[in-house]
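**Student:** I'll drop the sequence and a predicted model, then ask my questions.
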Amino acid sequence: MSAPHGAAAPTDTERKQEQAEQARPSAVKRLGLQRYAILIVFAAMIVSFGIAIPSTFLSIGNLSNILGGQAVLFILVMAVMLPTVMGDFVDLSLGSSLGLSAMTLAVLNVQHHMPVFLACLAGIGAALVVGLINVFFVVYFDNDPFIVTLGTMTIVQGVIYIICGNNDVGIVSGNLSNWVFNNNFLSIPLEFYYGLAIFLVVWYMLSFTPVGQRALVIGQSREVARLSGVRVNRARSWAFILAAGIAGIAGVAYAATNGTVDPTAGSALILPAYAAVFLGTTAIRPGRINALGSLVAVYFLATGTAGLELLGTQSYIQQIFYGAALVAAVTIPKVNRERIFKRKRAA
Amino acid sequence: MSASAPPAVELRDISKDFGSNRALDSVDLRIGHGEVVGLVGQNGSGKSTLVKVLAGVHEPEPGGHLFVSGEEVPLPLAPGQASQIGLSFVYQNLALAPGLTVLENLTLGQRIAGGARAWSPINWHAEKRSAAVVLDRYGVRLNLDQRTGELAPVDQARLAIVRAAEDLRRYRTQSGYKHSVLVLDEPTVFLPEEEVEHLFDLIRTVTAEGAAVLFISHDLVAVRSITDRVVVLRDGKVVGDVPADEIEEQSLVELIVGAAARPSDSVAAEAARVVEVAGTPAGAADAGGAGGENVVVEHLAGGRLEDLSFEIGAGEILGVAGLIGSGAEDLPYQLFGAAPVDSGTLRLGNQTLNVAGLRPQRSVRERIALVPADRQLLGLSEQLALWENIVMLVEDEHYRGGVFHRGELVALAREAIARFAIRPPDAHAATKTFSGGNQQKALLAKWLLARPRLLLLHEPTQGVDVGARQDIYGFVKAAAALNEMAVLWVTTDFGELAEVCDRVIVLSEGRPVSTLTGEELSDDAITAAALRQIRPAGLGQQEPAGLGQQEEDAR
């Protein structure tokens, strides 16, 4: 009874194999569409704004405004990505680290007349200290990063108020502003290129080195990484420290861009930064936190807000755009997939 | 079963296509009242698909029929409808919330109801009293206030089964129907063999209460001892339907795998070659590995181990057997530095490592490999593509001059996929989409690519179908022989140890109590040795046994 079935079995498996290989292109196509969905919407958005308000939107000034004006957020996004990719989903304190760095720089430079270069280093150093504190409590004591960084965020915010005496501090050295914001290359402020440089380093590290691949494994399954010989806690520590350092650099860029630092500087930026990172997971490498996707997401959001601003909308409309884009981006691919499946079932 | 009474559940002519792939092909299945039916087959034979049709997850193709107590129920079933026609399911993951208490998990089913009942207050005292009665009825002893996650795995399985059986009992009393079927979809996979037997009494109680049971498992021993009838699926077709007490295990295996002999030996030899391919020229020149090294473990203590010394020759496969609590199950993790050890040394060739100070990253550098039992949590990163998992340990060798040679890694993974016969051969598919057997092969490939000097295996064929199991035996044997690699094989499947190992050490209470080799190696002999050593406390302290003495004990 079993003999005929047995004889047929190898051909059956071969057939299945062929089918599996044939089935791939459609999956690739579907994934491809999802991959570039944001880019497509991005392009459509540029075209529609371009038609609606060609004289203001399609100008060098606007391009410079979008690319340069969002450089601080862009740098902060690179910082936010590092702990997130390792599965420590939130480092809320990064916004405060940015603020602390900017405020330290401003106070030392303006009130204590420290040379601006040293003041910058001090600012970045202050941010690194916050990173080390996070490492101590999150990695060493194995606490939930959300809770710990909620605490450190609040503490650092308090420290910022202490050192500035609850006042805006300005104006930082014009030299710094020149080197970061006022001087242009190809009509775009230099800080954009600083952000681009940091992006290139982070992108290379995460996507083109074994270190990045290990970070991915840590983020996806920490225990698998540990039993594969990866130094999990060391890598997580570095992520927190590097992230704090990059947030410190973002703080320097913030001080240089605005001239005056107000005590609430960083806290307004942290949520948009997370929005960009999670929006970025729907692009380029869907389902994965990836640098290129974050880059696209930051400038997608920046372009949208800039366009809305030029149309004369209120700033709260721009907030709604931010939130809606994030929720839509993570939802739409799922809606599509469900529909495709149902149609297949019905057929 | 009497011909007059309609069966509790009958499936007729059930087919299911996925695209152009036929997963189920005109399957008929009858389950009588109070009957225990075993459903066996390889991964991909259609068992899970059939269960999912019953659960209302999959829509079968038109033309199939479902009868409960002789009444036809239109297919497809809506999700959740199964519970309204007297079907209840216990899956591999048991669907218990580990953070809730036993009582909360047990009564979870009654909390699902919507409407006004969702707002009525819960009388926890009364709930507790009736829950105690329920546990008593099934002869299960559990502390109702304990956190479920703290229960032993077997008790968690008991809890899940009691909960499902109780749902069925409530269905029978409320609906007035006599039928009900408990579907057990591999709930025993993560249980050690002797614990599985403890579930048999519970299953008999469930059938005595009036429910029928559909028992799906890879564990043929368990299937043969608990079921009345075994249904075998292969390639979506029923190829056998036989009374459990009439069929030999060997003929059951033949039914499952198919008569066409698997080219296991050639597959294994191929796989062994991948180990050679994997080594870069630099790695091959490194004299440390391929020469074949003896592995000597001395005075290992910590965790459950009291004092353990043994030796594995180059190319030898050493099995370690023991009941739960004997210390055998922790040994691979301890030697890898992933579980605590108080003292002990590990000698690889002429290099001596202190096991107490060993960490996984050091072990990987020393080319010690660990294939853990829990491949989904500890072995493979499920979200990553298969190739990324396979090459995880050799990535550094393909990062030269600041350039990550991803193409080389994918090619390497493709080669491994071909040689280890992983199906489907799609390097870019997410790892979670592969069946258990194929995942296990990938896990083995991942570690063999790292050219291990010592391979530590824990339950390497758990939840793996018969065919893939034979492949895995072949791969490990070939790799051990070809590279003169030492292998430590720990499992509670003593039949497996008898089949693949050159020598088996039996542990009891953290000490070696006997060593079996050659002719002595058999499932029964190992079981006897493991059981024999459970003696009343205070009957005399066993001396820390040297290797010579273990040989004596074996006689």
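**Tutor:** That came through fine.

**Student:** Quick check: closest non-adjacent residue to the residue of the stretch 51-200 of chain A found nearest chain B.
**Tutor:** Of all residues in the stretch 51-200 of chain A, the one sitting closest to chain B is A:Gly87 (11.0 Å; Cβ to the nearest Cβ). (Each C-beta comes from the backbone N, C-alpha and C, glycine too.) What sits nearest to A:Gly87 in space, not counting adjacent residues and going by Cβ to Cβ, 6 or more residues apart in numbering or on different chains, is A:Gly219, at 4.1 Å.

**Student:** Can you tell me which residues in the stretch 151-300 of chain A are near chain B?
**Tutor:** Residues of the stretch 151-300 of chain A lying near chain B by Cβ under 8 Å from any Cβ of the partner chain: A:208-210, A:213-214, A:216-217, A:220-221, A:223-231, A:287.

**Student:** Contacts only, for the closest residue to B:Gln376 other than its chain neighbours.
**Tutor:** Spatial nearest neighbour of B:Gln376, chain neighbours left out: B:Glu382 (6.1 Å); criterion: Cβ to Cβ, 6+ apart. Neighbour list for B:Glu382: A:Gln220, A:Ser221, B:Gln376, B:Ala430, B:Thr431, B:Lys432 [criterion: Cβ atoms under 8 Å, 6 or more residues apart in numbering or on different chains].

**Student:** Now flag whichever of these is closest to B:Leu108.
**Tutor:** Using Cβ to Cβ, B:Gln376 comes nearest to B:Leu108 of the contacts of B:Glu382, at 23.5 Å.

**Student:** What's the local residue count around that closest one?
**Tutor:** The number of residues packed around B:Gln376, counting by other Cβ atoms under 10 Å in any protein chain shown, is 16.

**Student:** Could you pull up phi and psi at it?
**Tutor:** phi -80, psi -30 (degrees, to the nearest 10).

**Student:** Check it and give its pLDDT.
**Tutor:** We have a pLDDT of 80 for B:Gln376.

**Student:** now the one 5 residues further on
**Tutor:** The pLDDT attached to B:Ser381 in the predicted structure is 89.

**Student:** which parts of the helix or strand where A:Ile163 lies are buried?
**Tutor:** Using DSSP states H and E, A:Ile163 maps to helix A:145-164. Neighbour-count burial for helix A:145-164 flags A:Pro145, A:Val148, A:Thr149, A:Gly151, A:Thr152, A:Met153, A:Val156, A:Gln157, A:Val159, A:Ile160, A:Ile163, A:Cys164 (criterion: 16 or more other Cβ atoms under 10 Å in any protein chain shown).

**Student:** Show me what whichever helix or strand comes after that helix is packed up against.
**Tutor:** Sequence order places helix A:174-177 as the next helix or strand after helix A:145-164, per DSSP H and E. On a contact count with 3 or more Cβ pairs under 8 Å, 6 or more residues apart in numbering or on different chains; DSSP states H and E, helix A:174-177 meets helix A:116-134, helix A:232-258.

**Student:** winner for burial among those helices?
**Tutor:** Among the helices and strands packed on helix A:174-177, ranked by average contacts under mean count of other Cβ atoms under 10 Å in any protein chain shown, first place goes to helix A:232-258 (a mean of 25).

**Student:** Return the distance of whichever helix or strand comes after that one from the chain's centre.
**Tutor:** Counting by DSSP H and E, the next helix or strand C-terminal to helix A:232-258 is helix A:267-280. Averaging C-alpha positions (Cα atoms, centre = their mean, to the nearest Å) puts helix A:267-280 6 Å from its chain's average.

**Student:** now helix A:267-280 against helix A:145-164, angle please.
**Tutor:** Between helix A:267-280 and helix A:145-164, the angle comes out at 150 degrees (axes from the mean of the first three to the mean of the last three Cα atoms, to 10 degrees).

**Student:** same for helix A:267-280, what does it pack against?
**Tutor:** By 3+ Cβ pairs under 8 Å, 6+ apart, helix A:267-280 packs against helix A:71-85, helix A:93-106, helix A:291-310, helix A:315-346.

**Student:** quick one: the residue nearest to B:Gln376 from B:Phe404, how far?
**Tutor:** 23 Å (Cβ to Cβ, to the nearest Å).

**Student:** one step back: can I get the buried residues of helix A:145-164 in JSON lines with distance to B:His218 and pLDDT?
**Tutor:** JSON lines is the format used below for these (distance: Cβ to Cβ, whole Å; pLDDT from 0 to 100):
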{"residue": "A:Pro145", "distance to B:His218": "40", "pLDDT": "90"}
{"residue": "A:Val148", "distance to B:His218": "44", "pLDDT": "92"}
{"residue": "A:Thr149", "distance to B:His218": "45", "pLDDT": "91"}
{"residue": "A:Gly151", "distance to B:His218": "49", "pLDDT": "93"}
{"residue": "A:Thr152", "distance to B:His218": "50", "pLDDT": "93"}
{"residue": "A:Met153", "distance to B:His218": "50", "pLDDT": "93"}
{"residue": "A:Val156", "distance to B:His218": "55", "pLDDT": "94"}
{"residue": "A:Gln157", "distance to B:His218": "57", "pLDDT": "92"}
{"residue": "A:Val159", "distance to B:His218": "60", "pLDDT": "93"}
{"residue": "A:Ile160", "distance to B:His218": "61", "pLDDT": "92"}
{"residue": "A:Ile163", "distance to B:His218": "65", "pLDDT": "90"}
{"residue": "A:Cys164", "distance to B:His218": "67", "pLDDT": "87"}
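
**Student:** Alright, calling it a day.
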